[in-house]
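S.K.: From the sequence below, what's the structure:
(one chain, ligands or ions: 1)
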Amino acid sequence: MSILVVGSVALDSIQTPFGKVKDALGGSATYFSAAARLYGEAVNLVAVVGSDFPQEHVEFLQDRGVNLDGLQIAEGKTFRWSGRYDYDMNTAETLDTQLNVFATFHPQLPDAYRDAEYVFLANIDPVLQLEVLSQIRQPTLTVLDTMDYWLNYRKETLSQAISAVDIVLINEAEARQYANTFSLIRAARKILSQGPKALVVKKGEYGAVMFANGDVPTQSFFFAPAYPLEKIKDPTGAGDSFAGGFIGYLAQQGHATSHRESSVTKDEIKRAIVHGSVVASFTVEDFSVERLRTLTMEEIKARYRDFKVFTNFEPTCPWTDDCEHLNEKVP
Ligand code: AMP
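M.R.: This next block holds a predicted model:
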């Protein structure tokens, strides 16, 4: 199944308690593509870089098999983001955002991109997210991510984009900011009332929560922890590589079943959240995309298996009454 992503391709300058990098490869579409490609499906990227963008970064994406027909190279400077993290690595402090060539960019999708089945509107101007969405013919699944910068500067357009997609991925603090409430549950309800079928709230080292519409709690919530890591070097890209694992897995499942028309089930979304958490757990082990350069599906599968053990706390049948029909020993 083909995946399309629009988002930033950036040069990031980052400081964390464990080091710093200047003008390193970053951007929401970069992390997403590098992560999603691990799942084997086609990834078509839409973005713009400036004439200063190093060729070695283009080669990295090409070597990963990312289709770059939709990557424009414009006269001017590449998008730059600079941020820092303190020991609480859950929240980035933005020091500077320079849109540069993104300020005047308007995507024109190559015709082959318009048949994309899985569409990820990564963190970028919601105006661009909507422009891309309007050029897609018949997507199976559309997913959106954003950040506080766009909540502050483009809230109305962001609301339109949120209304137009199936799933929203958002950080905890940004969900509260968007809905203007301290209650995450209320924030989730507000976002869901605008149209998406599901919302995935990312809570950094505390994992991720899925919210869906409905009154039955067991149908409306799902909680996944984050992988317990002793050493985190740089949380940048955790959200985007989470999205890459999430959609990469779903697209692979769509491929396996060839159910182009069928919608994604909640159980698939739950497993996709665990895939997202696993891939993000590797990304944060090093700066920029360094860890994604060497990451393999075998490593992803090993951590996925660990997640199964971490989150399973009951035997199949915890109470005697439930077990009468089973020939199982009750603890
Ligand atoms: P995350 O996965 O949420 O840590 O996203 C990190 C990436 O988002 C960085 O590599 C930045 O280049 C990129 N980024 C930061 N600010 C923006 C913005 N306002 N629009 C688009 N991308 C951004």
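S.K.: host element of the nearest residue to residue 139 once chain neighbours are set aside?
M.R.: Of all residues not flanking residue 139 in the chain, residue 119 sits nearest, at 4.8 Å (CB to CB, 6 or more residues apart in numbering). C-betas here are computed from N, CA, C, even on glycine. Assessed by DSSP states H and E, residue 119 sits inside strand 118-121.
S.K.: Tell me how many other residues surround residue 201.
M.R.: 22 (other CB atoms under 10 Å).
S.K.: thought it was touching residue 167?
M.R.: No: in this structure, residue 201 is not within contact of residue 167 by CB atoms under 8 Å, at 11.6 Å.
S.K.: show me where this protein has strands.
M.R.: 3-6, 10-16, 19-26, 43-50, 67-74, 80-84, 93-98, 118-121, 141-145, 167-171, 198-202, 208-212, 221-224 (DSSP state E).
S.K.: Can the third one be said to contact the ligand?
M.R.: Yes: between strand 19-26 and the ligand, judged by CB under 6 Å from any ligand atom, the touching residues are residue 26.
S.K.: hmm, who's touching that strand?
M.R.: 8, 10-14, 57, 60, 80-81, 233-234, 236-237, 287-289 (CB atoms under 8 Å, 6 or more residues apart in numbering).
S.K.: Helices of this protein, start to end?
M.R.: 28-36, 55-63, 126-133, 148-153, 155-163, 172-179, 184-193, 217-220, 238-257, 266-283, 290-294, 297-310, 320-323 (DSSP state H).
S.K.: Show me which residues of this structure sit near the ligand.
M.R.: Residues of the chain lying near the ligand (CB under 6 Å from any ligand atom): 8, 10, 12, 26-28, 31, 81, 97, 123-124, 147, 149, 236-240.
S.K.: ok, residue 94 - how many residues close by?
M.R.: 12.
S.K.: Check residue 38 too.
M.R.: For residue 38, using other CB under 10 Å, the count is 23.
S.K.: Just the local confidence number for it, please.
M.R.: Listed pLDDT for residue 38 reads 98.
S.K.: Name the residue of the stretch 1-150 of the chain that lies nearest to the ligand.
M.R.: Using CB to the nearest ligand atom, the single residue of the stretch 1-150 of the chain nearest to the ligand is residue 26, 2.9 Å away.
S.K.: And the stretch 201-331 of the chain, by the same measure?
M.R.: residue 239 (3.2 Å).
S.K.: what comes up buried for stretch 230-238?
M.R.: Buried residues in stretch 230-238, counted by 16 or more other CB atoms under 10 Å: 232, 233, 234, 235, 236, 237, 238.
S.K.: how much space between the residue nearest to the third one when sequence neighbours are not counted and residue 16?
M.R.: Across the structure, with CB to CB, 6+ apart as the measure, the residue nearest residue 234 apart from its sequence neighbours is residue 287 (4.5 Å). For residue 287, the distance to residue 16 under the criterion CB to CB, to the nearest Å works out to 8 Å.
S.K.: Find the residues that touch each one of the two.
M.R.: 233, 234.
S.K.: what would the strands of the chain look like in a markdown table with mean pLDDT?
M.R.: Shown next, in a markdown table, are those (pLDDT from 0 to 100):
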| stretch | mean pLDDT |
| --- | --- |
| strand 3-6 | 98 |
| strand 10-16 | 97 |
| strand 19-26 | 98 |
| strand 43-50 | 98 |
| strand 67-74 | 97 |
| strand 80-84 | 97 |
| strand 93-98 | 96 |
| strand 118-121 | 98 |
| strand 141-145 | 97 |
| strand 167-171 | 97 |
| strand 198-202 | 97 |
| strand 208-212 | 96 |
| strand 221-224 | 96 |
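S.K.: Out of these, flag the one nearest residue 306.
M.R.: strand 221-224 (12.3 Å; CB to CB).
S.K.: Can you tell me the strand partners of that closest one and which way each runs?
M.R.: Strand 221-224 pairs in its sheet with strand 208-212 (antiparallel), by DSSP bridges.
S.K.: Please work out which residues outside the partner strand touch it.
M.R.: Against strand 208-212 from outside (CB under 8 Å, 6+ apart): 184-185, 188-189, 192, 197-203, 219-224, 226, 242, 266, 269-270, 273, 276-277.
S.K.: Please convert the buried members of the residues you listed into PyMOL selection syntax.
M.R.: Here is the PyMOL command that selects the buried residues among the contacts of strand 208-212 (16+ other CB under 10 Å):
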select buried, resi 184+188+189+192+197+198+199+200+201+202+203+220+222+224+226+242+269+273+276+277
